[in-house]
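>>> Okay, sequence plus prediction incoming.
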Amino acid sequence: MQVSVQEADFDSAAEALALTQGRKDIGAVVTFEGRVRADDGLSALTLEHYPGMTEAEIARHVAAAQARWPLAGVRIIHRIGRLGPGERIVLVITASAHRQSAFEAAEFLMDYLKTRAPFWKQEQYGDGARWVEARADDLDAARRWQSPAKR
Amino acid sequence: MQVSVQEADFDSAAEALALTQGRKDIGAVVTFEGRVRADDGLSALTLEHYPGMTEAEIARHVAAAQARWPLAGVRIIHRIGRLGPGERIVLVITASAHRQSAFEAAEFLMDYLKTRAPFWKQEQYGDGARWVEARADDLDAARRWQSPAKR
Amino acid sequence: MKVLYFAWVREKLGCSEETLNLPPEVRTARQLALHLAARGPSYANVFGALGNLNLAIDQEHASWDQDLGAAQEVAFFPPVTGG
Amino acid sequence: MKVLYFAWVREKLGCSEETLNLPPEVRTARQLALHLAARGPSYANVFGALGNLNLAIDQEHASWDQDLGAAQEVAFFPPVTGG
């Protein structure tokens, strides 16, 4: 299983182990963990998603990453539901022979998760809740993968 | 302790936990693990280093990364001695409020570890040993940090 | 056709999912939005301006002028904010 | 002055560390390399061409024309291959 959308927390080390165990062709493993920040007194974050489309959309991005970089393994977990400050939201693990592929694929997947996967965050504060607005710099980050490779 | 050079293996998850525990200002944790590949029938890798200079050189790069990106934490472990295929060689963890800083700082630190930290790898094969030669593309990777930021 | 609403679209409409029988002149996503806007004040509020709305047709991101064709499921939602 | 050798430099010289008393005319790293090259065949083999050698003065990367000054420790080694 490459992509999971779940309420439960995850164990990044166990996932990295499952992805790479026994492999002797992997020179680089990049693990990205996204977490809830307690900015401006945030008390919780609630993540809603579009069941069915989410998994399909992420799978399309995984396939695009695998077509673009020689990856030995990819694992993505995205949590939904109510999460408190400091809690893990998202995990992306990429494994490859060389570090450049692993780093670039992890960034690519995070940029597309941010801008294309159908999740929506609502922030809770002491005095109420508000839906998080999309950020222009996330769109810019995703757009860089559409131009020819930089290196 | 930010930088360790050691024969012993490391536990990436425990290191990430120690770096981020109790922090609610961290939105992104990037973990890079480098491992020994069994390319061309390699049976082991022996890592030699320059005690004293290694730690000082890595500390200079950590300071440079901290000056360039707003990092909440950095942890680097580099192993020395004899390592078999599949074994971990190097760990870099970067933590920041946002993912771009964490990704870029981790790549920067890996590029400088590869091209500036005084380690030397000797590869063992069934029929002998040879010193690994420096790679031009590692130097290119490090050089990109000397030009103005790309994004 | 099944129509789904997410995030503040769902909240403003007080509805997460409904099944509609569309008149034959509703052929594109934009025409569907116009059709929905005429259903009442909360729909007019959401679908009156499409600038901050996105949509998916059969679980794939789509554009307003895309043909609905034989779509089974259309979803309306704000720009995504996961990751 | 302490002089250190690493990797194949150490192997070719059969020595990892030695302490040298340098004549006063040896002022730069390049002059030190020339001085070392004259010490025997294995030294001539290592220090005859400097193209694939790097060095550090007092544990910092240095260039061949850098002044040794009051350096305590100079090291010679191939391009690094860690990470």
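Perfect, thanks for sending it. Numbering: from 1, shown residues only, chains lettered A, B, ... in the order given.

>>> wait, what's in contact with the nearest residue to residue C:77 once chain neighbours are set aside?
For residue C:77, ignoring the flanking residues on the chain, the nearest one in space by Cβ to Cβ, 6 or more residues apart in numbering or on different chains is residue C:6 at 3.9 Å. (Glycine included, C-beta is placed from N, CA and C.) By Cβ atoms under 8 Å, 6 or more residues apart in numbering or on different chains, the contact list for residue C:6 reads A:48, A:50, A:118, A:120, C:16, C:75-78.

>>> do the same with residue A:103
A:28, A:30, A:94, B:32, B:103, B:106-107, B:110.

>>> Mind checking which of these are in helices?
Among the contacts of residue A:103, the ones falling in helices (DSSP state H) are B:103, B:106-107, B:110.

>>> And the most centrally placed residue in chain C, its phi and psi?
Geometric centre of chain C, nearest residue: residue C:76, 3.9 Å, by Cα atoms, centre = their mean. Main-chain dihedrals, residue C:76, degrees, to the nearest 10: phi -120, psi 140.

>>> what separates it from chain D, distance-wise?
For residue C:76, the distance to chain D equals 48 Å [Cβ to the nearest Cβ, to the nearest Å].

>>> so that residue sits right up against residue C:8, yeah?
No: Residue C:76 lies out of contact with residue C:8 (Cβ atoms under 8 Å); the separation is 10.7 Å.

>>> between the contacts of residue C:6, which is closest to residue A:75?
For the contacts of residue C:6, the closest approach to residue A:75 (Cβ to Cβ) belongs to residue A:118, at 20.0 Å.

>>> out of everything not next to it in sequence, what's closest to the closest one?
Ranked by Cβ to Cβ, 6+ apart and with sequence neighbours excluded, the top spatial neighbour of residue A:118 is residue A:50, at 3.8 Å.

>>> Tell me, how many residues neighbour the one you found?
22 (other Cβ atoms under 10 Å in any protein chain shown).

>>> Pull the contacting residues for it.
Contacts of residue A:50 (Cβ under 8 Å, 6+ apart): A:118, C:4, C:6, C:56, C:59, C:75, C:77.

>>> In chain C, which residue sits closest to chain B?
Chain B sits closest to residue C:83 of chain C, with a gap of 8.0 Å, by Cβ to the nearest Cβ.

>>> one step back: mind checking which of the contacts of residue C:6 are buried?
For these, a burial check counting by 16 or more other Cβ atoms under 10 Å in any protein chain shown picks out A:48, A:50, A:118, A:120, C:75-78.

>>> Sitting in strands, which of these do you find?
If you go by DSSP state E, these have A:48, A:120, C:75-77 in strands.

>>> Widest-spaced pair of those?
Greatest spatial distance in those: A:48 and C:76, 13.7 Å, computed using Cβ to Cβ.

>>> mind listing the helices for chain C?
With DSSP H as the criterion, chain C has helices spanning C:7-13, C:29-37, C:41-47.

>>> mind listing what the closest residue to chain A within chain C touches?
Across chain C, the shortest distance to chain A (Cβ to the nearest Cβ) belongs to residue C:82, at 2.7 Å. When contacts are counted by Cβ under 8 Å, 6+ apart, residue C:82 touches A:47, A:49, A:78, A:90, A:113-114, A:117-121.

>>> what does residue A:118 give?
A:49-50, A:53-54, A:57, C:6, C:56, C:75, C:77, C:80, C:82.

>>> Swap in 7 Å and give it another go.
For residue A:118, the contact set (Cβ atoms under 7 Å, 6 or more residues apart in numbering or on different chains) comprises A:49-50, A:53-54, A:57, C:6, C:77, C:80.

>>> Run a quick check on residue A:35 versus residue B:27, I expect a contact.
Yes: here residue A:35 reaches residue B:27: they are 5.7 Å apart, a contact under Cβ atoms under 7 Å.

>>> Just the endpoints, please. Distance across stretch A:25-45?
Chord length of stretch A:25-45, first to last residue, is 39 Å (Cα to Cα, to the nearest Å).

>>> Give me the spatial nearest neighbour of residue 34, chain neighbours excluded.
Answering for chain A, as no chain was given. residue A:90 (4.1 Å).

>>> Chain C, not that one
What sits nearest to residue C:34 in space, not counting adjacent residues and going by Cβ to Cβ, 6+ apart, is residue C:47, at 7.3 Å.

>>> what about the one you found, neighbour count?
With other Cβ under 10 Å as criterion, residue C:47 counts 22.

>>> Quick check: the gap between it and residue A:66.
According to Cβ to Cβ, to the nearest Å, residue C:47 and residue A:66 sit 38 Å apart.

>>> Next: residue A:80.
Distance from residue A:80 to residue A:66, by Cβ to Cβ: 25 Å.

>>> between those two, which one's more packed in?
The neighbour comparison of residue A:80 against residue A:66 (other Cβ under 10 Å) goes to residue A:80, with 19 against 15.

>>> so what's the closest residue to chain D within chain C up against?
Closest residue of chain C to chain D, Cβ to the nearest Cβ: residue C:83 (28.4 Å). Residue C:83 makes contact with A:34, A:90, A:110, A:113-114 under the criterion Cβ under 7 Å, 6+ apart.

>>> Keep only those of these that are in strands.
Those of the contacts of residue C:83 lying in strands (DSSP E): A:34, A:90.

>>> Now pLDDT and neighbour count too, for the contacts of residue C:83, in JSON lines please.
Formatted as JSON lines, the contacts of residue C:83 follow (pLDDT from 0 to 100; neighbours: other Cβ atoms under 10 Å in any protein chain shown):
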{"residue": "A:34", "pLDDT": "98", "neighbour count": "24"}
{"residue": "A:90", "pLDDT": "98", "neighbour count": "24"}
{"residue": "A:110", "pLDDT": "98", "neighbour count": "25"}
{"residue": "A:113", "pLDDT": "97", "neighbour count": "26"}
{"residue": "A:114", "pLDDT": "97", "neighbour count": "23"}
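
>>> what's the closest of the contacts of residue C:83 to residue B:17?
residue A:34 (16.0 Å).

>>> bridging residues for that closest one?
Under DSSP bridges, the beta-bridge partners of residue A:34 are residue A:90, residue B:28.

>>> Can you verify my assumption that residue A:62 contacts residue A:2?
Yes: judged on Cβ under 7 Å, residue A:62 makes contact with residue A:2 at a distance of 5.8 Å.

>>> show me where pLDDT drops low in chain A?
For chain A, the stretches flagged by pLDDT under 70 are A:148-151.
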